[in-house]
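Asker: Can you look at this prediction? I've put the sequence above it.
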Amino acid sequence: MKIVVGYDMTDSGEKALAVGLDYSKKLGAKLILIASLVGGAKEDVEEINAFEKGLRLAEKKAADNGVKCEKHLLMRGNTPGEDVVSFAKENGVDLIVIGVKKRSKVGKLMFGSTAQFIILEADGPVLAVK
């Protein structure tokens, strides 16, 4: 079994990571952490380094919890939602875990463009963590 966590180093990303770790540990699943940078190869070196560091720390957290983990920093020129959905399809993922942020009353009607896109476009189940 493979579980993907869309990880962006925000509070909601940390909550998604915690849930992904918990599910992976309980189910004996492989955890795959992915982060997506929208601009493709033109991204700022500091931003790339920050995301790589964040992914390494999250990977260490998984290892400390006895969870098999791999990490991917995607810079394919897609939106984060497109990257998560296409990565999940390409890699036969069983579950996608994403964090959602608290929104205004209007924003509560939709999770946000990234989360909404993933929920609507993913082939398999998506767990949205608040």
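Answerer: Sure, I can see it. Since the structure is predicted, the reported quantities are computational estimates derived from the model, not experimental observations. Residues are numbered from 1 along each chain as shown.
Asker: So which elements touch the least confident helix or strand in the chain by mean pLDDT?
Answerer: Each helix and strand of the chain was given a mean pLDDT (mean pLDDT, DSSP states H and E); the minimum falls on helix 113-121 at a mean of 90. Other elements packing on helix 113-121 under the criterion 3 or more CB pairs under 8 Å, 6 or more residues apart in numbering; DSSP states H and E are helix 80-90, strand 95-99, strand 126-129. From N, CA and C alone the C-beta is placed, and that goes for glycine too.
Asker: where in the protein is pLDDT low?
Answerer: 39-43, 102-112 (pLDDT under 70).
Asker: what comes up buried for the least confident helix or strand of the chain?
Answerer: Using 16 or more other CB atoms under 10 Å as the test for burial, helix 113-121 gives 114-115, 117-119.
Asker: hmm, back to that, now the helices and strands packed on helix 113-121 as JSON lines including mean neighbour count and distance to Ala58?
Answerer: Shown next, in JSON lines, are these (neighbours: other CB atoms under 10 Å; distance: least, CB to CB, whole Å):
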{"stretch": "helix 80-90", "mean neighbour count": "20", "distance to Ala58": "15"}
{"stretch": "strand 95-99", "mean neighbour count": "26", "distance to Ala58": "12"}
{"stretch": "strand 126-129", "mean neighbour count": "18", "distance to Ala58": "15"}
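Asker: Which one of the ones you listed lies nearest to Leu17?
Answerer: strand 95-99 (8.1 Å; CB to CB).
Asker: so that closest one versus helix 113-121, what angle?
Answerer: Relative orientation of strand 95-99 versus helix 113-121 (axes from the mean of the first three to the mean of the last three CA atoms, to 10 degrees): 160 degrees.
Asker: Partner strands of strand 95-99, with direction?
Answerer: Here strand 95-99 is paired, per DSSP bridges, with strand 2-6 (parallel), strand 126-129 (parallel).
Asker: Other residues contacting the last one?
Answerer: Outside of strand 126-129, the residues within contact range by CB atoms under 8 Å, 6 or more residues apart in numbering are 12, 15-16, 19, 23, 95-100, 111, 115, 118-119.
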